[in-house]
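# What follows is a predicted structure for the sequence shown.
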Amino acid sequence: MDIQIATLCDFAADYNGKMVINGTFDTLAAPQMPVVHPHCCLAMRLCITPEDRGQHKFTVNIIDADGQGIDEKMPIVADMPIDLPDDVPFMTRNLILNLQGLQFPEDGIYSIDISVDEELITRIPLRIVEVDQNAQQPSA
């Protein structure tokens, strides 16, 4: 199984197998900590081959720099049965998770870990930055 795309974004949708991704990001700026990000999506595109047939566990976990989950709802775990017809060399599937109310207690580096059968497949970095909105902007 190969993850062809894995990104955080403002919006994602699947239209007949075509993935639409809008506003991909890796940094969130906030005026104070803790911060709650109201809504974002984790958009993923998987390429599956006959070797991937069988029952699998798919896991998404958002962790801080110490490896601790940021939320009691984490990790998200789902059964993922895979079966391909014999004459199909590969197929792709789009997975979109809508994430609401993500809470980050402090600024720093976080990660979105994607695992299959408890094996980490990809890690998406996310930086949370506290910014002073009252700081003077340089004049042009």
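Sure thing, it's come through. Here the structure is a predicted model, which is why all the values come from computation and not from measurement.

# Specify the beta-bridge partners of the most centrally placed residue in the chain.
Geometric centre of the chain, nearest residue: residue 42, 3.7 Å, by C-alpha atoms, centre = their mean. Beta-bridge partners for residue 42, by DSSP bridges, are residue 8, residue 97.

# So residue 70 sits against residue 37, correct?
No: assessed by C-beta atoms under 8 Å, residue 70 is found out of contact with residue 37, at 10.7 Å. Where you see a C-beta, it was placed from the backbone N, CA and C, and this is true even at glycine.

# Touching both of these two, which residues are there?
Residues touching both residue 70 and residue 37 by C-beta atoms under 8 Å, 6 or more residues apart in numbering: 102, 104.

# distance of the residue nearest to the centre of the chain from residue 54?
Distance of residue 42 to residue 54, given as C-beta to C-beta, to the nearest Å: 24 Å.

# Over to residue 88?
For residue 88, the distance to residue 54 (C-beta to C-beta) stands at 15 Å.

# Do I have it right that residue 84 meets residue 51?
No: using C-beta under 8 Å, residue 84 is not in contact with residue 51, being 9.6 Å away.
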